[in-house]
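[1] I need the structure of the sequence given here:
(chains A, B and C)
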Amino acid sequence: MPEDVQNQGIDRRKFLTVLGATSGGAIALSGCSTSRVEKLIPYLVQSEDQVPGVPTYYASTCTECASGCGVHVKTREGRAIKLEGNPAHPVNRGKLCARGQASLQGLYNPGRVRGPMLRTGGTLKPISWDDAIARLAAEVGKAGGRVAAISGAGRGTFSDLLAEWVGAIGGRVTRYEPFDHEPMRLANRQVFGTDELPAHDFGKARFIISFGADFLDTWLSPMEGQRGFSQSHGFSERGMARHVYIGPRMSMTGLNADEWVSVTPGSEVALALAMANVLLGAGGAPADAGGLRGALAGYTPADASRETGLPAATIERLAREFGTAGPGLAVAGGIATQDRHAVELCAAVNILNYVAGNIGQTVRFGAELPAADGYQGVAGLMAAMDAGQVGLLLVHEANPVYTLPHAAGFEARLRKVPFKVSTSLYLDETAALCDLLIPNLHPLERWDDTRPGAGLYGLMQPVMEPVFPTMGEVPSVTHTGMPGTYMESPAAVVGISTGDVLLRVAKKAGGPLSRFTAATFEAYLKDAWRGLAGEQGGAGDFDTFWREALARGGVYGERPVTEVRLASGLSPARYARPAFDGDGEFIFAPFPHSFLYDGRGTNRPWLLENPDPVTKITWHSWVEVSPATARRLDVERGEMVRLVSPHGAVEAPIWVYDGLRDDVIAMPTGFGHTEYGQYAKGRGANALDLLGAPGDTPFVPYLSTRVRVEKLNTWMAVATTEGTPRQLGRGIAEAMPLAAAARGLTVKQAYREAAGVAEGEEHPVTEIAAIKGWRAEQIEMRKLGDYVVAQPSWGMSIDLARCTGCSACVTACYAENNIPTVGYDEVLRGREMSWMRIERYWEGGEQTGQPLQARFVPMLCQHCENAPCEPVCPVYAAYHTADGLNGQVYNRCVGTRYCGNNCPYKVRYFNWYKYNERAFPEPLNLQLNPDVTVRARGVMEKCTMCVQRIRGMQHQARLEDRAIKDGEFMTACAQACPSDAIVFGDMRDPASRVARIRQDPRGYHVLEDLNTRPAITYLAKVLHGAEA
Amino acid sequence: MAVIAPNFTITQTHADVTRDVVATLERPSRGYYLALFGAVGLFLIGLVTFAILLRDGLGHAGYTPPVMWAVYITTFVFWVGIGHAGTLISAILFLFRSPWRTAVYRATEAMTVFAVMTAGLFPIIHIGRQWIFYWLLPYPNQRYLWPNFKSPLMWDVFAISTYLTVSTTFLIFGLIPDVAAVRDKVTGWRKFIYSQLSLGWQGTDTQWRHYSRAYLYLAALATPLVLSVHSVVSWDFASGIVPGWHGTIFAPYFVAGAIYSGIGMVLTLLIPLRKSLRLEHMITEYHFDNLAKLTLLTGCILFYSYGMEYFVAWYSGNTFEQTTFFLRPFGPDWWAGWSMIICNAFVSQLLWFKKIRTNLTALFVISIFINIGMWFERYVIISSSLTNDYIPWAWDHRLNPTWADWGILAGSFGWFGMYFLLFARNFPIVAIQEIKEMIPMPRRRAPGGHH
Amino acid sequence: MRKTALVAGAAVLASLVALLIFGTPSGAQQQKSTAADSARVYVLDAADTASLRGPRQPIFFRHDLHAGQYKMECQYCHYSVAVAPEPGIPSLQTCMGCHAVVGGSDSTNRAEIAKLRKAFSENKPVEWVRIHFLARHVHFPHSQHIKALGPSACATCHGDVTRMPQVFQVNNVNNMGFCISCHIERKVTRDCTTCHY
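    Just a heads-up that it's a prediction; the model follows:
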């Protein structure tokens, strides 16, 4: 029997029996072998919105970061198989980042704590839910008022309940988020007298200047950043905004900037103030800004130039451009520039924005983005712990032992607390030290809500029954609805969320807690929403309101905009060189990893194998040095070094990176877990180990230490997917100047203009002669294979002017197509299976003396009309379908791999081992998409343009006797792309969006001269030339 | 009169020849057993390796995408090439009536059959799902599925199977009279076996007439295969669009290479064999001199082809071709590139000197170089071309062979050696009949080559 | 040497293929057996199930009674066959819809229906033994075929269940030849990615 059929079927069926459900699943996943006796397990009671073989979508909210994107959860036979953006949600508008999508691997993570555990005799042992709750109640009684809690920044009904609950017994909740925006909040208080975080409109800005704020991947609200940025910075008839990035290291956001300005770390404040000063001089600033004159007097470009090491002229130019470009937008507060004076920097940037008149335009207060208590709060808590005022600590959605610098000494203090309770889903560093584990449910398994901003209320509902059965007595409302619509939870059984635990404990403990009367957290949540319904005028018929809210995923009102003015008696902005601990020769700059973020993503293979957008490194941590530094230290890529700061030391391999200052050494966060499941534990080194205790600063100053580098003379192979990062003039990622693009020139024309050659001369005469006629002939020949019947011809366009390299499409592809992750060793051998990969080519850089630029090219199967892979397959496993796809039939493939050799784009991937068995340890296998074959070892696989979606939609349309509408469905990558760079559709339909885009003069095909005639059209990246 | 070699007339009688040759079938030396033991050992290593590949998948081998073909295809082409010398010598030289082939052709023919047998294993070993290799064969099935006859790999399947059929027939057929001769010498169960194999050969006039006629036809049939088979194999590469493969000279280039490597292997086998079987008076320096000349010729053709490849790459002005050919000698795998050029193009030039051509030790050493060089030629053509083709992003994953690659390679030598040794021990390694034909007839002048 | 191996392999293979084609019971035999079964439609006892074709089920559910005698629509139980790729297996609730009232005419029926009621009251889904398999690399959308062939097309693949006291496999639906022959006959697409993706 061909091995296409793997044992997933069995595992899944086991899971389905756990669900006590379903025929559909069992059938969809049935084995090939008729010898095995399979069981069909029917529902006891058919839930009417679950139709076997048809996906049902439920609206929910993503909780991977505080920005609270809306998601649609795709479920099949009662299990979630994919997360997609909720088009109705104002934050992400139907898009979803890699981290958000990987939330699914949080749900099915093998490292999840399967039930309550109690520390007995030093080790954690499973106990029953009743015992756990009883024990907690008892401990709460015992602790008396000496109760405290630490939780994440998530803001919603649960956090209210927690606050009240803990408050009722005389404790308080500390809300802590590692990468929070404390400096920004304090600066806003300082400058505008408000504590809240504003919303930023990148879409409206014509000139964006970022002081180390990585708004495309990790800062504040990345999806909004992405969308806005692609609107303003993506090429359109109204031109293209400029983006300047200021920081010690070019992050992914930096690589998308038109200009990287690197200043002496810590001197950004001076730059910002000087720019404000220049603008003030130029006039046009708001009337009341005059008061600043005195304050800014001390900051002339000359002064700033001394501090920053930039020519004064540059500073003036930046200021001028910023002031005149139309609405500008300056952002600050990223980890990359979070030194001890981060508050001053944010304040300076506030002033800059104010002077330029951006407040209320591109910076809108009133949005109330969620913020935490900052390090102050934690410091307070630790003080309380020291003083022995904490008898019981409740840890919820926080992992301070890992996310705080080790030197802060949280762990030592935590150990002093008599009784520690964790609700973590995974055994993370903090949970491992706790005495009682009562795992919460994953957001996809529980009732919850969140308030990501003013006017925004996101709902979460149990879209499936718990992966690991909890005591499931909580009945859920029965409901009706048709498949494909969004409705209330299908789960016949809902597990115990932490909310329920709190309420049950309240019942048991009584006393001050007796006022929490709600039977379940669901009921509690509904009560809270009744109030909201009142405000929203839905009080009349709450059920309808609730139902609609669930279907929509929440209530999305307009974001209020509140006027802010300069705080009266604004103290003159003060700038002083920030201090750095230690006497090492390099400044140490830890930066947030685009996918692992603060380390919460490190237990998810999708995020570990998705190459870091800048270095393309997977599966391990690294140390970045500039080429000059590398030469001076005599180190090369892959050489292990030890970084030593006054507070600690870490070891990691070297990565030489042109986009880094010579006096800085950078390292990603998120690695070096000592717990947190099989994938994260012991992987790489934790950059935070080098930081000192924040001391008196009200936030964690990440950019605050100096390090020394020690060569270890050992080596480690760096698992990067990058081959040769230069295009060698092969025109893979084309680019053209803005002027040319605006005049509607094609890439070739633009090139000729630049090179000053006439048509045809870009090739040597001999070559022209050689291919003359031959090409035409080829194109004639091609017609031989054309189909008589008119068929759609599926195609795609990718706009490189919009693509930011964020790699959301990569994870989307992994999720949709059951792509296995292969791990460190196999990546080293170039065997990663990513059907969709983002190639990142360098232009300029140290060796050329030109400024470093990146070109991101999503590379996937080009579905060539003239595909080289097709004729060489001896068994027709690779062949061309009537509707223009380059089909790949896994069960026909014998694995000669000739197609892989003959593919000029190198987008065919071979199953060298039984990856399908290795990559999905239970229960990860439950995430597999039943519509896509799980490939066995020994077969070739590649992008199919999500043929399962195409066929599915064709079936649907045929059932309804209608034609498919353009944009009615799209491939997983196009659907996920936050900057809307990927467009999919039927090229034969002249009205389709993709057909129109293919006519764009910027359009070109990669390796066009091979005459493979790809179905993927790339639109050249557009560059700001010397103009402006 | 026909001679076995100039100024070397056979002094023995027919009886002597038979005796000497049949003697080679008698009690083997200890050296023989050691060699056989070694061969079987290597074969077992290969067997175990293959079993592991079957269990876990091809991952154990050193494939580093985009290098999707590696040591296995290299070795496949190597063995197919080896085969060609045999057919050249036994068939073409037969048609050209060059008497010096007589003493060596049996050995080379056997080598051909076993080499092709070895090569035939590799297409199966190297595919991802070995258990369905038969999908490559066109057989009627209710699924209405047929193989893709446009694919060079299909051409391969047919080329190899044809070659195997024809060369096997040719060998067995040529053996008949000799087996008969042996039959008359031995006794007991061996007599029984040989009499079965001799298909009732009596050596009557009629039999001889039919025999020599049929032999002629078989030779004519085998001749075109010498050119066709390796041309087809070369198209596996030439019809791909990979820079470094997509060359028009590939067919002649590969055929020349094949014969070159084949004769290399012949020398490697014959020199020790001649000694251990004490056949010095039948396989003489004269034969080796001729073989060496053939080697020199094909070596020069290779030299030219190498030069031509580089020239065309430069002249085409095609950046992809140029990159590939620049990286062969100067890229990370320069050592492979140079060992190919030196072993094949340069070492063979030594054969201009008759001293070397007739010095068996020197010849043996050179033949070893040739074998190594030709294996590396295929290695370089495959790996270096695939390592750096169109998309730079996919580069720098250089092939680094593992135990799985070497295991199978060793196994293939074991498999080949095993059969060759067994053959040499159990069948006349020198064609008794044709040697006899050269013995001057006492009564009338020999009817120069009456076939 | 290799050649003989190949020949032998091919021979073995041919015989295997032959088995695949002819191994499955032809329509004719099928008719006989069902005729035989239907002859004793009313005298069947749960104990007899062993003697019937097809695997024995936890509950002796008789298609010949429900679909045959009572002429119930297939889609009454296999609810999603016209709207979804999967036909759907009736939930116990569906069964109870009738059998809460219908207790069975004779002792045998009563006994079997009792099993059903027990399972329902104990929230224990009945584990039916699966009869028709499809390899996981094949996607067969039932709804498309119902749309094309009409609601009563089930018999095309599943045989005439209205005459089967105990369902058995009439056609090897997991055999690509079986699909293709029909697709050729009806001149519909044979593109690989119609079913394989």
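[2] correct me, but B:L136 touches A:A877?
    No: if you go by CB atoms under 8 Å, B:L136 and A:A877 don't touch, sitting 11.5 Å apart. (Glycine included, C-beta is placed from N, CA and C.)
[3] Tell me, what's the model's pLDDT at residue 88?
    If you meant another chain, say so; for now it's chain A. A:A88 is assigned 91 on the pLDDT scale.
[4] The intended chain is chain B.
    Each residue has a pLDDT score; the one for B:L88 is 86.
[5] Over to A:T1012?
    Value for A:T1012, per-residue pLDDT: 89.
[6] Please apply the same query to the one 10 residues further on.
    pLDDT, the model's per-residue confidence, is 94 for A:V1022.
[7] which residues does A:Q338 contact?
    Going by CB atoms under 8 Å, 6 or more residues apart in numbering or on different chains, A:Q338 touches A:P183, A:G212, A:F699, A:V700, A:P701, A:Y702, A:L703.
[8] on that earlier part again, and for B:L136 and A:A877, which residues touch both?
    A:V894.
[9] Comparing those two, which residue is more hemmed in?
    Taking other CB atoms under 10 Å in any protein chain shown, B:L136 and A:A877 do not tie; A:A877 has more neighbours (25 against 20).
[10] wait, isn't that one in contact with A:G938?
    No: using CB under 8 Å, A:A877 is not in contact with A:G938, being 11.7 Å away.
[11] Kindly provide the distance from B:V233 to chain C.
    Distance of B:V233 to chain C, computed by CB to the nearest CB, to the nearest Å: 16 Å.
[12] number of nearby residues for that residue?
    For B:V233, using other CB under 10 Å, the count is 28.
[13] what number of residues lie near the nearest residue to A:Y299 once chain neighbours are set aside?
    Spatial nearest neighbour of A:Y299, chain neighbours left out: A:L273 (4.0 Å); criterion: CB to CB, 6 or more residues apart in numbering or on different chains. Other residues within reach of A:L273, judged by other CB under 10 Å, total 30.
[14] which residues touch A:L273?
    A:L296, A:Y299, A:A304, A:A348, A:I351, A:L352, A:A573, A:Y575.
[15] Go ahead and confirm the fifth one touches A:V269.
    Read that as A:I351. No: between A:I351 and A:V269 there is no contact under CB under 8 Å: 10.4 Å.
[16] Distance of the residue nearest to A:Y299 relative to A:A137?
    Per CB to CB, to the nearest Å, A:L273 is found 56 Å from A:A137.
[17] One more: A:E563?
    49 Å.
[18] Between those two, which is the more surrounded one?
    Neighbours per residue, other CB under 10 Å: of A:E563 and A:A137, the larger number sits with A:A137, 19 against 9.
[19] and that one, what does it touch?
    So A:A137 contacts A:V505, A:K508, A:A509 (CB under 8 Å, 6+ apart).
[20] What of B:I301?
    B:P252, B:Y253, B:A256, B:Y260.
[21] Of the contacts of A:A137, which is the most crowded?
    Result: A:V505 is most packed of these (other CB under 10 Å), 24 neighbours.
[22] May I ask which helix or strand encompasses that residue?
    helix A:498-509 (DSSP states H and E).
[23] what about the nearest residue to B:L42 once chain neighbours are set aside, which SS state?
    Nearest residue to B:L42 in three dimensions, chain neighbours excluded: B:G414, at 2.8 Å (CB to CB, 6+ apart). Secondary structure assignment for B:G414 (DSSP: H, G, I helix; E, B strand; the rest coil): helix.
[24] Report the closest residue of chain A relative to chain B.
    A:G895 (2.0 Å; CB to the nearest CB).
[25] Would you map the helices across chain C?
    Assigned by DSSP state H, chain C shows helices spanning C:2-23, C:27-39, C:63, C:74-77, C:92-99, C:107-121, C:142-149, C:155-158, C:176-185.
[26] could you give the angle of the last one to helix C:142-149?
    Inter-element angle recorded for helix C:176-185 and helix C:142-149: 40 degrees (by axes from the mean of the first three to the mean of the last three CA atoms, to 10 degrees).
[27] Kindly export stretch B:331-351 (C-alpha atoms) in CSV.
    This file holds the C-alpha atoms of stretch B:331-351, laid out as CSV (Å, rounded to 0.1, in the frame of the first residue of the first chain):
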residue,chain,number,x,y,z
GLY,B,331,34.1,26.9,-6.4
PRO,B,332,33.9,25.1,-3.0
ASP,B,333,34.0,21.7,-4.7
TRP,B,334,37.2,22.5,-6.6
TRP,B,335,38.9,19.3,-5.5
ALA,B,336,36.3,17.2,-7.3
GLY,B,337,36.5,19.3,-10.4
TRP,B,338,40.3,19.1,-10.6
SER,B,339,40.4,15.4,-9.8
MET,B,340,38.1,14.8,-12.8
ILE,B,341,40.2,17.0,-15.1
ILE,B,342,43.6,15.6,-14.0
CYS,B,343,42.6,11.9,-13.9
ASN,B,344,40.8,11.9,-17.2
ALA,B,345,42.3,14.6,-19.4
PHE,B,346,45.9,14.6,-18.2
VAL,B,347,46.8,11.2,-16.9
SER,B,348,45.6,9.6,-20.1
GLN,B,349,48.2,11.7,-22.0
LEU,B,350,51.0,9.5,-20.5
LEU,B,351,49.9,6.8,-22.8
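[28] quick check: mean pLDDT across that stretch?
    Mean pLDDT, stretch B:331-351: 91.
[29] now do stretch B:179-193
    Per-residue scores along stretch B:179-193 average to 85.
[30] quick one: buried residues of it?
    Within stretch B:179-193, the residues scored as buried using 16 or more other CB atoms under 10 Å in any protein chain shown are B:V179, B:A180, B:A181, B:V182, B:R183, B:K185, B:V186.
[31] got it, and stretch A:128-145?
    Buried residues in stretch A:128-145, counting neighbours by 16+ other CB under 10 Å, are found at A:W129, A:A132, A:I133, A:A134, A:R135, A:L136, A:A137, A:E139, A:V140, A:G141, A:A143.
[32] Which strand or helix spans the second one?
    Secondary-structure element containing A:A132, defined by DSSP H and E: helix A:129-143.
[33] Contact partners for residue 306?
    You didn't say which chain, so I picked chain A. A:R306 neighbours (CB under 8 Å, 6+ apart): none.
[34] wrong chain, I was asking about chain B
    B:I341, B:N344, B:A345.
[35] Check it and give its pLDDT.
    pLDDT, B:Y306: 93.
[36] Residue of the stretch 351-451 of chain B closest to chain C, please.
    For the stretch 351-451 of chain B, CB to the nearest CB, closest residue to chain C: B:Y419, 8.0 Å.
[37] Perfect, I'm done here.
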